[in-house]
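[1] The sequence isn't on hand, but the structure is:
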């Protein structure tokens, strides 16, 4: 489709080219949006490194004050509850699991993001998956507001 035809169709629809450039699809393709995606990917990767480094204090800096982490005994609501629930994973010299982001999506507004990917056991064998929702906080840092891990899917025929 030629640019003239696109412009004509947008004009007929009552959308100027400036408005078209502001759509979520256009925002997602912009260099600014890609930079936000990379910021969130870097935040998730650094978050995961805290487990490998056994650095509980650093782990805690990634949790939003009102963050909710879902676990086996129900949701842990608020950063203090998450710290209590996760401290046990930082005991000992070896991390009980690791994770890495494969999917990173950021809203066009640039303030909320989703990360997801595999979780691995200490031997590096996939053992589940995770999904985290990140929010850009007023101090300019991305922090986790929701986090949920799931065991590996055991489907018939696998």
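    Structure's in. What do you need? All figures in this text were calculated on a predicted structure; none of them were measured in a lab. Residues are numbered from 1 along each chain as shown.

[2] All the helices of the chain, residue numbers only.
    Taking DSSP state H as the criterion, the chain carries its helices at 3-12, 17-21, 24-29, 31-52, 56-60, 79-86.

[3] Tell me how far the fifth one lies from the chain's centre.
    Read it as helix 56-60. Relative to its chain's centre, helix 56-60 lies at 17 Å (Cα atoms, centre = their mean, to the nearest Å).

[4] what's in contact with that helix?
    47, 50-51, 79, 83, 86-87, 90 (Cβ atoms under 8 Å, 6 or more residues apart in numbering). In this view, the C-beta of every residue, glycine as well, is placed from N, C-alpha and C.

[5] residue contacts, the residue nearest the centre of the chain?
    Centroid-nearest residue in the chain: residue 115, 2.6 Å away (criterion: Cα atoms, centre = their mean). For residue 115, the contacting residues are 40-41, 44, 101, 103-104, 130-132, 134, by Cβ under 8 Å, 6+ apart.

[6] For it, list each beta-bridge partner.
    residue 104, residue 132 (DSSP bridges).

[7] Roughly how far does it sit from residue 149?
    12 Å (Cβ to Cβ, to the nearest Å).

[8] overlap in contacts of these two?
    Contacts common to residue 115 and residue 149, judged by Cβ under 8 Å, 6+ apart, are residue 130.

[9] Count the residues that sit near the residue nearest to residue 65 when sequence neighbours are not counted.
    Ranked by Cβ to Cβ, 6 or more residues apart in numbering and with sequence neighbours excluded, the top spatial neighbour of residue 65 is residue 79, at 5.1 Å. The burial count assigned to residue 79 is 20, neighbours taken as other Cβ atoms under 10 Å.
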